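Asks: I'd like to go over a predicted model; first the sequence, then the structure.
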Amino acid sequence: MIDIFKDIIATTNTGANMFAAVWGTPYEDCPFWPVRAVERYQGPFNKKLSNKVLVVSNLALAKTLGESATLVVQEGFGHTSIGSPSNCLNEIMFAYMMNGTLPEGNDTRCAVDPAFEIFDGVNTETILRALAQ
């Protein structure tokens with residue numbers, strides 16, 4: 001198993017060396033967290049939940065989720081949906097966290113804020129235009 005993990009790290013260093021060294025760090029502490037939430041849902045996973053969950057996805061990862069979740073698609077790029085700022089998505093997440101309200105249906109789409117600069121002189125609008133070509 002260690003050899004497999006070393007191979008994955010070596011391959012990642014070759015293809016994405018900017019993030020390879022840190023890709024696993026947000027997750028490696030989870031098994032050692034000292035407490036478990038009493039409200040943690042442990043199944044069954046084939047039943048309707050009492051309260052719907054909010055699922056946020058970017059264009060590449062959007063899926064249909066059934067009646068226990070509401071899907072919001074951010075029309076962005078990258079691996080995570082919140083990596084590119086969107087006032088639309090921020091408002092939806094705020095409403096969900098503060099009072100549990102969700103948009104109707106699974107067809108809500110949020111644009112990214114086009115002027116946000118990812119790098120000097122490169123904003124989200126520039127990247128989305130390049131991806132559309």
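Replies: Looks like it came in fine.

Asks: Setting aside sequence neighbours, what's the nearest residue to D113?
Replies: With Cβ to Cβ, 6 or more residues apart in numbering as the criterion, D113 has its nearest non-adjacent residue at 4.9 Å, and that residue is P85. Bear in mind the C-beta positions are built from the backbone N, C-alpha and C, glycine included.

Asks: May I ask you to confirm that that neighbour is in contact with F116?
Replies: Yes: proximity of P85 to F116 meets the contact threshold set by Cβ atoms under 8 Å, at 5.0 Å.

Asks: Which neighbours do these two have in common?
Replies: By the contact definition Cβ atoms under 8 Å, 6 or more residues apart in numbering, P85 and F116 are jointly contacted by T124.

Asks: pLDDT score for the residue nearest to D113?
Replies: Among the per-residue scores, P85 shows a pLDDT of 82.

Asks: ok, it to Q133 distance?
Replies: P85 sits 23 Å away from Q133 when distances are taken as Cβ to Cβ, to the nearest Å.

Asks: Those two: which is more packed in?
Replies: Set P85 next to Q133 and count neighbours by other Cβ atoms under 10 Å: P85 wins out with 14 against 4.
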